[in-house]
Structures are given as C-alpha cells and as structure tokens.
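> Predicted model follows, preceded by the sequence.
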Amino acid sequence: MRVRDVAAILEEWAPPEIAWEGDNVGLQVGRGDDPVRGILVSLDVTDDVIREARQCRASLIVSHHPLVFRPLRAVATDTPLGQRIAGLLRYRIALYAAHTNLDFALAGTSFALAERLGLSGARFLRAPYRVQKKIVTFVPQADVDRVAGAMAKAGAGVIGNYEACSFRIAGEGTFRGNAASNPAVGRREALERVQEMRLEMAVPGPRVSAVVAAMRASHPYEEVAFDVYPVDGPSREYGTGVVGELDRPLKLRSFLGRVRRSLGIPHLRYTGNPDRAVRRVAVCGGSGAELLPAAIAAGADAFVTADVKYHAFHDSAGAIALIDAGHYETEVPVVHSLARRLAARLRGTGILVSSTRVTTNPVRWT
Ligand SMILES: [Zn+2]
C-alpha cells in the first residue's frame, strides 16, 4: 500500500473539496508513490511527533493541523518549520494533513468530541448550503439503467437511507455530427432525432468528478451532454458542529465535571447557572464560537467549544451555557477515532496504525 492509497481512504471520509477556502490540506511532505509501513496519527506535527514516528517505524504521519499552512517562501533549516520538513524528508516520512475537511465530515472532529462526551443522536449543527449538486444527462432509453447504475456506484443518487435515487423523463434529443464525428446512433452530417431519457440524480459536490467519469465511461455517446447544477439546500454529508443529547439530564455542574474528566482538563471557562439542567448539547472541536447562534437556535442547553472570546461569553448569557474546554482538548478525540477507523480499514495489510503518545498541546495549566 502506498501513501496515495491511504490518502484515497482518508479523502473518501473527508474530501479536500469541502475544506475551507484558504486551508491547506492533503499531502504536505513526501510522495504519493512512497510505500506505507506504519501510520502515526497526531493533532500537530512537532519534533517529538517526528521522533516518535521514527521510533515506531511509521512512514506516514496523518495530522489534523497542517505543518505547512502559510505560503512557504523557504525551507531554511535554521527555522523550526524548515527543520521539521527536512527531518521528514531525511527519514522518508510522508505527511498528510486533514484539517477543516475533517472538521466538516461525518465522524469528524466534532463527532469524535460528541462521542467522547457521551452524546447520542449526534447530527450536524449547521449544514452548508450549495455543497449538494444535481447532475443531469441525456441517454438513449435502452442504456439508461446501465448509466444510472454506474453513476450510483460512483456516489450519485443517495438521499438519506435511500440509494440509486434517480428521476427520468422521456423526450426527444436531436444532433448532427460533423464530418469528423463517429455517432453511436445514426449517420454523420445528418440531423438525427433520438428517443432519450433525461436522467437526473443528486450528487454531493466532492463526488461530482467521480460520477462524471463513471457517466462518461458507461454512456454510449461519443459526446456526452450533461449539466451539473448547484442545489440550494443543506448538505446531509457535511457540516460544522454537532448537536446531540445526554442519555439523561444532568445539572450543568455535573456536566462540567463530565467534560473535565472525559477531556482530561483541570479547569475550564463557562457561563450559565450550575443548577440548570442540561440535556441537549452542541459541540464544535477547536475554534467554534461562531456557531453560538446555531447552538442556541438548535435548542441546546450547553455548547462545548474552544478559543471563546470574552464578548461571546456575554452573548451566551441567559440563552445557553457556553463552555470553553480548550482547543487541543476538544480536538484530540478525533486523533483516536481516526486512528481506530484507519486501523479497521487497513486490517490485514500489516500496516500498524497508532495515535501519538505525545501531548502536542503547547498550553499548560497552573
Ligand atoms: Zn484545530
């Protein structure tokens, strides 16, 4: 198995196309062709993490935070960043980053946090619009099942618990091929009329190119006519933040204790009445304070996130218990869940997947 095969698995879960604009995700150091012996999953890439990768013979580090984020002007090895890049290259360790695309994915950063806090019924807090697309193509009636089947296999036509969803309308298509054409139906340089089906299927944005490739490969025409439309509706597959329920209501005071224990933090900052009941909880791993209005609108009693500013605490007053549980602490659960999922997927390949033992949190408590 090569780096690019592992990247393909990660991108099935967290396609790079859904990352925030300006983010830098994907292969950061190394080659897609490099063989993978072992994988180390980490939130950050520090010198200690690189050392650990060498010790556990990992040839690929999968990190959440990109090592290379701002445009890189030089790989000067007298800077910490240059040194890390040089170290990775020297020891032939590839680096792959899944950042905001992992935040936006099902089973991503916020889902891992929700699981750690014991929430059930976890669902996206805010679904992005215009991620979903509609693809429409025109197929001779005899071929429509085959084309629709190929498109479904590539990821089109999934609506909730239903797959292979399509809509078809019969109609007439016309075309005239020029002298260089090689029409599947009729003759070149003659106006042809063909009974066709208009075939339409929903497709998540990141799957469009795979679906178009499958459609082209299965379509009988030399030139395939098709359109891809943006659909102004919420995505089901991708989103930010998660909301879920505690199995039984807890007083905020007890819930805060659960957050501290499950995330291993001595202190946290919060607003709200410690005696008020908490049942529905919104979470967003990392800096998620901009989701505060969404958490309130979702009827959450508490919102667990990080990097909360003073005025956001004010904004939460009377509406929701706002809890700042630390950037590292709210994101690190995804390291373990990602390592677990990768290990399950790579079972039988002999590739060892581990999560780092290094605490890469630069923040200390006193
Ligand atoms: Zn982060």
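Received, thanks.
> how about the strands in the stretch 251-366 of the chain?
Counting by DSSP state E, counting those that start in this stretch, one finds strands in the stretch 251-366 of the chain at the ranges 269-270, 277-287, 302-306, 321-324, 352-355.
> buried ones in the last one?
Pointing back at strand 352-355 there. 353-355 (16 or more other C-beta atoms under 10 Å). The C-beta positions use only the backbone N, C-alpha and C, and glycine is treated the same way.
> Number of residues surrounding residue 237?
Counted with other C-beta atoms under 10 Å, the neighbours of residue 237 add up to 20.
> likewise residue 226?
Neighbourhood size, residue 226 [other C-beta under 10 Å]: 16.
> Chain neighbours aside, what residue packs nearest to it?
Distance criterion C-beta to C-beta, 6 or more residues apart in numbering; nearest residue to residue 226, sequence neighbours excluded, is residue 137 at 4.0 Å.
> Including distance to the ion and mean pLDDT, could the strands of the stretch 251-366 of the chain go into a markdown table?
Output for these, formatted as a markdown table (distance: least, C-beta to the ion, whole Å; pLDDT from 0 to 100):
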| stretch | distance to the ion | mean pLDDT |
| --- | --- | --- |
| strand 269-270 | 18 | 98 |
| strand 277-287 | 4 | 98 |
| strand 302-306 | 8 | 98 |
| strand 321-324 | 14 | 98 |
| strand 352-355 | 16 | 96 |
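> Of those, which stretch is the most buried?
Mean neighbour count (mean count of other C-beta atoms under 10 Å) peaks for strand 302-306 among those, with a mean of 28.
> returning to that earlier point: same list (the strands of the stretch 251-366 of the chain) but as TSV, adding distance to residue 95.
Shown next, in TSV, are those (distance: least, C-beta to C-beta, whole Å):
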stretch	distance to residue 95
strand 269-270	33
strand 277-287	20
strand 302-306	24
strand 321-324	30
strand 352-355	15
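> Quick one: closest of those strands to residue 128.
Proximity to residue 128 (C-beta to C-beta) singles out strand 277-287 among the strands of the stretch 251-366 of the chain, at 13.9 Å.
> What strands flank the closest one, and is each parallel or antiparallel?
strand 240-251 (antiparallel), strand 302-306 (parallel) (DSSP bridges).
> ok, which stretches of the stretch 1-150 of the chain are helices?
Using DSSP state H, counting those that start in this stretch, the helices of the stretch 1-150 of the chain run over residues 3-13, 47-55, 80-90, 100-103, 109-116, 144-153.
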